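Visitor: coords please:
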Amino acid sequence: MKIQRKSVLSKYSMSVEENKLIVKGEGISSKKDMQSYMNDFMQVINSMDTSNLTLIIDNKYFNMSFPDAKLFYDKISEVYINTNFKEKYIIMPESEIANIQIKKNGDKIFDTIKVISDLESAGNLG
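Guide: Prediction:
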């Protein structure tokens, strides 16, 4: 299973590889991008048993979100937290602006999702 979407300023993908659901985001996300991402993510998690999967959120090349995307960021963060994945990991962005946005908006996310350095270090996870 693999989903890929691209807009003018951003792109994202979702793929199941072995026992991992890997979601990647790049660029600058608008409200429309976040809404599309959330719809796709919900469709993916509703179509499978997530309790057997490890979630890996790869935001390494994510740059930032426009202010009107915050509502969707809050909603998807709640979905990440509340969905029954075996384990949950996040790769923080290289962009300082995006890093600050995630940390500022996602206090609760770090209670349930462990930060890892890169996708390669996730090779033995799950």
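
Visitor: show me the helices in this structure, by range?
Guide: 31-46, 70-82, 96-105, 109-112 (DSSP state H).

Visitor: what are the buried residues along the third one?
Guide: Under the neighbour-count criterion of 16 or more other CB atoms under 10 Å, helix 96-105 has Ala98, Gln101, Ile102 buried. All C-beta spots, glycine's among them, are computed from the backbone N, C-alpha and C.

Visitor: helices and strands around it, which ones?
Guide: strand 62-65, helix 70-82 (3 or more CB pairs under 8 Å, 6 or more residues apart in numbering; DSSP states H and E).

Visitor: buried sites along the last one?
Guide: Burial within helix 70-82, assessed by neighbour count using 16+ other CB under 10 Å, is assigned to Phe72, Tyr73, Ile76, Ser77, Tyr80.

Visitor: now do that helix, average pLDDT.
Guide: Regarding helix 70-82, the rounded mean pLDDT is 87.

Visitor: with the shortest one instead?
Guide: In this model, strand 62-65 has an average pLDDT of 83.

Visitor: partner strands of that strand, with direction?
Guide: Within its sheet, strand 62-65 is paired with strand 20-29 (parallel), according to DSSP bridges.

Visitor: pLDDT below threshold where in the chain?
Guide: For the chain, applying pLDDT under 70 flags the ranges 105-107, 121-126.

Visitor: centre-most residue in it?
Guide: Centroid-nearest residue in the chain: Ile57, 3.9 Å away (criterion: CA atoms, centre = their mean).

Visitor: ok, and the closest non-adjacent residue to that residue?
Guide: In space, and not counting its chain neighbours, Ile57 is closest to Ile90: 4.4 Å by CB to CB, 6 or more residues apart in numbering.

Visitor: what about the one you found, how many residues nearby?
Guide: 20 (other CB atoms under 10 Å).

Visitor: now do Asn84
Guide: 10.

Visitor: got the contact list for Ile90?
Guide: Applying CB atoms under 8 Å, 6 or more residues apart in numbering to Ile90 gives the contacts Ile56, Ile57, Asn59, Ile109, Ile113, Lys114, Val115, Ile116.
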